[in-house]
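K.L.:
Got a predicted model here, sequence first, then my questions.
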Amino acid sequence: MADSEHYVRDDVRGFLDMLEQMGGQGVEEVGAVTGREQMRAMGAIAEAPAREMAVQKDLSCPGSLGDIPLRFYDVKAQRGPSPVVLFLHGGGFVIGDLEVYNNLCTEISHILDLPVVSVDYRLAPEHPFPAAPDDCEAAARWVASSPKELDREVTGLVITGDSAGGNLTIVTTNQLMANPADVPVLVQAPIYPVASDITQHQSFADFSDGFLLTGAAMTWFTQQYAPDDNDPRNVPMLGDCSNTPPTVICAAGLDPLRDSGREYAAHLVQLGTEVSYFEFSGIIHGFTTLRKAIPSGQADLEAFLGAIKVKLNRIVA
């Protein structure tokens, strides 16, 4: 269980204690199919309710090997030209889907007052690297083209996502900076991302057990997705980050991935990128989709999204 030397919020402690009492097996023990079911079940009991949307519909866009499922959200039925948020979900590149992240996407649309497109990219091990970044880049370019299916004039992209989706946020942004889409990436906003080799970080040692996301699960995810692959589209800090747009980064204080967020933020600062970095103390990986079980995470999510709004207002103005 969680080490007493680390600050743990009361609601986080209660959630971790509940998980310990429930027992259960890790994703590395049960495999991908059962792991996906477990993530959906967790979301059903632990995530905050969805916000009311004026528009919510399932769409698809062309990918390199077939159509990519998407879900489109807008808190407004109609709007003038505006940025669109591209959301790339987490789950270690193996689990996670549109349903698990449905309520979070409605929250993003509600708080930012922007359309959101959530991408159901292909998952490992059935579709290992580079299927996920291929799909995310294809979806980003499609959204940037103001397709008639969205009925929106897209002026720019805000790319965000958590964990594996944080990795894909950075990778997709890097790809679009190197080879621009029809509209620019205005802001990128990775949430507790995998940006570098996490096994080298102190946080990976400190929080590898007892804080929801385990070191064993991360090792297994890596094996399923891209073992021994140092491609910049897998480890984005190996790539060219010199032209990165304004960035908001969120890390969780009790997360084995915490130091990856720190390292990436520092890397961008050294390159002269405008960066807002949030490290929320006493909270665990995954909190953005656990806001019913961990209510204090709502304020953290609002701070993170508020920083995106500030950057957008400065750019759009």
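P.N.:
Thanks, I have the structure now. Numbering: from 1, shown residues only.
K.L.:
Going by C-alpha atoms from here, please, whenever you check contacts or count neighbours.
P.N.:
Will do.
K.L.:
Work out for me the element Ile95 sits within.
P.N.:
Using DSSP states H and E, Ile95 sits within no helix or strand.
K.L.:
try Val158
P.N.:
strand 154-162.
K.L.:
what packs against the helix or strand that that strand is followed by?
P.N.:
Of the helices and strands lying after strand 154-162 in sequence (DSSP H and E), the nearest is helix 164-178. Judged by 3 or more C-alpha pairs under 8 Å, 6 or more residues apart in numbering; DSSP states H and E, helix 164-178 is in contact with strand 82-88, helix 131-144, strand 154-162, strand 185-191.
K.L.:
Serialize those to a markdown table and add fields for mean pLDDT.
P.N.:
As requested, the helices and strands packed on helix 164-178 are exported to a markdown table (pLDDT from 0 to 100):
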| stretch | mean pLDDT |
| --- | --- |
| strand 82-88 | 98 |
| helix 131-144 | 98 |
| strand 154-162 | 98 |
| strand 185-191 | 98 |
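K.L.:
thinking again about what came up before, who's in contact with the strand holding Val158?
P.N.:
Contacting residues not belonging to strand 154-162 are listed as 81-90, 140, 143-146, 166-169, 173, 183-193, 286 [C-alpha atoms under 8 Å, 6 or more residues apart in numbering].
K.L.:
And those residues, which of them are buried?
P.N.:
Those of these that meet the buried threshold are 82-90, 140, 143-144, 146, 166-169, 173, 183-193, 286, by 16 or more other C-alpha atoms under 10 Å.
K.L.:
Who is the nearest residue to Pro245 once chain neighbours are set aside paired with across the strands?
P.N.:
Leaving aside its sequence neighbours, Pro245 sits nearest to Val187 (C-alpha to C-alpha, 6 or more residues apart in numbering; 5.7 Å). When assigned by DSSP bridges, Val187 has beta-bridge partners Val158.
K.L.:
for Val248, same thing?
P.N.:
Taking DSSP bridges as the rule, Val248 bridges to Ser276.
K.L.:
Tell me the pLDDT of Asp228.
P.N.:
Asp228 is assigned a pLDDT of 80 by the prediction.
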